[in-house]
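Engineer: Pasting the sequence and the predicted coordinates here, then a few questions.
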Amino acid sequence: MPEGHTIHRLAEDYAAAFAAGTPLRVTSPQGKFADAAALLDRTPLHTTDAHGKHLFLGFGDAEPAEWVHIHLGLFGKVTFGPAPAPPPTDTVRLRLADATSYVDLRGPTTCALITDPEKQAVHDRLGPDPLRPDADPALAYRRIGRSRTTIAALLMDQKVIAGVGNVYRAEVLFRHRIDPYRAGRDITAAEWDAIWADLVALMREGVRLNRIDTVRPEHTPEAMGRPPRVDDHGGEVYVYRRAHLPCHICGGEIRTADLAARNLFWCPDCQRR
DNA sequence: CGACAATGAAAAA
DNA sequence: TTTTCCTTGTCGC
């Protein structure tokens, strides 16, 4: 579900579903996006883009001047299917369809028609995204390295770094044995470089597999002789949603707490202050 | 069938 | 810091 890797994968999948230049049927059965859908109807999808958890669908024959800005929030979902599209349920905010396939969007926090400058404004308020080739990790460290806020909260702040959600936050801190309550300014430049490089690798793998896997080969269920555990997020993890279960590495109890309005998970033995 | 939680973030207070 | 938006899968009755 929707952390940055999901959104980048959606950008790829939307682009792959519809050949450039093919006019699409654009509808909003649910109604909230009906006016904009009518404007876009019978125009082709030209480009897709993703930054953090924000998805942009550019419509038009040439350089898109208009974009559909989508943010899935906590509940948003996208489903792909082959033509003919089934009758839409009344929760479908946006349906794109052509002769071969359809894509339905449900429950997004944001689905709005925006201009090029408005799209740029979204980019401007987001931090570097490990999945974007133009991302500059030093920009994020400039804020982290001088902040008294905990590293766990900073990793969730999209202005600091874009695309990391609750799963990647918990997992990357575990993989680097960093206590989630450490202040950002106590994270060394070397530690940040390692965290960033790890996020780039983990999230790229997340896009490829369309799920979050963070467990190193030597700690997989097979390697450790335990049964595989596939959670709702689809992958194998060290600490996320494993509260009160034994740590895969030290056997200690995984702890949970509220941090930055979300459930934090960590191993207090492996991640010492 | 209702209650509730869920990987998010903006608005309101 | 709390409330609100919005949908769906799961759990308990």
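Structural biologist: That came through, no problem.
Engineer: Contact residues of chain A facing DNA strand B?
Structural biologist: A:1-3, A:6, A:52-53, A:71, A:73-75, A:109, A:156, A:158, A:165-167, A:212, A:231-234, A:241, A:261-263 (Cβ under 7 Å from any atom of the strand). For the C-beta atoms, the positions are set from N, CA and C on the backbone; glycine is no exception.
Engineer: How is chain A divided into domains?
Structural biologist: A:4-125, A:137-266 (automatic domain parsing).
Engineer: Format those as a markdown table; extra columns: distance to A:Arg272.
Structural biologist: Converted to a markdown table, those look like this (distance: least, Cβ to Cβ, whole Å):
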| stretch | distance to A:Arg272 |
| --- | --- |
| domain A:4-125 | 28 |
| domain A:137-266 | 6 |
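Engineer: mind checking which of these is nearest A:Arg273?
Structural biologist: domain A:137-266 (4.5 Å; Cβ to Cβ).
Engineer: Among the residues of chain A next to DNA strand B, name the ones in helices.
Structural biologist: Counting by DSSP state H, the residues of chain A next to DNA strand B place A:6, A:156, A:166-167 in helices.
Engineer: In these, find the pair that's most separated.
Structural biologist: A:Thr6 and A:Met156 (15.9 Å).
Engineer: Please say which of those two ends up with more neighbours.
Structural biologist: When neighbours are counted by other Cβ atoms under 10 Å, A:Thr6 and A:Met156 differ, and A:Thr6 comes out ahead with 25 against 20.
Engineer: Who are the contact partners of the more buried one?
Structural biologist: By Cβ atoms under 8 Å, 6 or more residues apart in numbering, A:Thr6 lies in contact with A:72, A:206, A:210.
Engineer: Could you tell me the per-residue confidence at A:Val215?
Structural biologist: Listed pLDDT for A:Val215 reads 92.
Engineer: no, scratch that, I was asking about A:Gly234
Structural biologist: Taking A:Gly234 on its own, its pLDDT is 57.
Engineer: just the one 10 residues further on next, same as before
Structural biologist: Reading off the confidence values, A:His244 has pLDDT 87.
Engineer: do the same with the one 5 residues further on
Structural biologist: The pLDDT attached to A:Ile249 in the predicted structure is 93.
Engineer: check contacts around it.
Structural biologist: Going by Cβ under 8 Å, 6+ apart, A:Ile249 touches A:219, A:238, A:267, A:270.
Engineer: cool, and A:Tyr102?
Structural biologist: By Cβ under 8 Å, 6+ apart, the contact list for A:Tyr102 reads A:80-83, A:85, A:95-96.
Engineer: if we go to 6 Å?
Structural biologist: A:Tyr102 makes contact with A:81, A:85, according to Cβ atoms under 6 Å, 6 or more residues apart in numbering.
Engineer: State the helix or strand in which A:Ala138 lies.
Structural biologist: helix A:137-144 (DSSP states H and E).
Engineer: pLDDT below threshold where in the stretch 101-250 of chain A?
Structural biologist: Along the stretch 101-250 of chain A, segments meeting pLDDT under 70 span A:227-234.
Engineer: So which residues of it form strands?
Structural biologist: A:101-106, A:110-115 (DSSP state E, counting those that start in this stretch).
Engineer: coming back round to it: neighbour-wise, which of the contacts of A:Thr6 leads?
Structural biologist: Neighbour-wise, the contacts of A:Thr6 (other Cβ under 10 Å) top out at A:Gly206, 27 neighbours.
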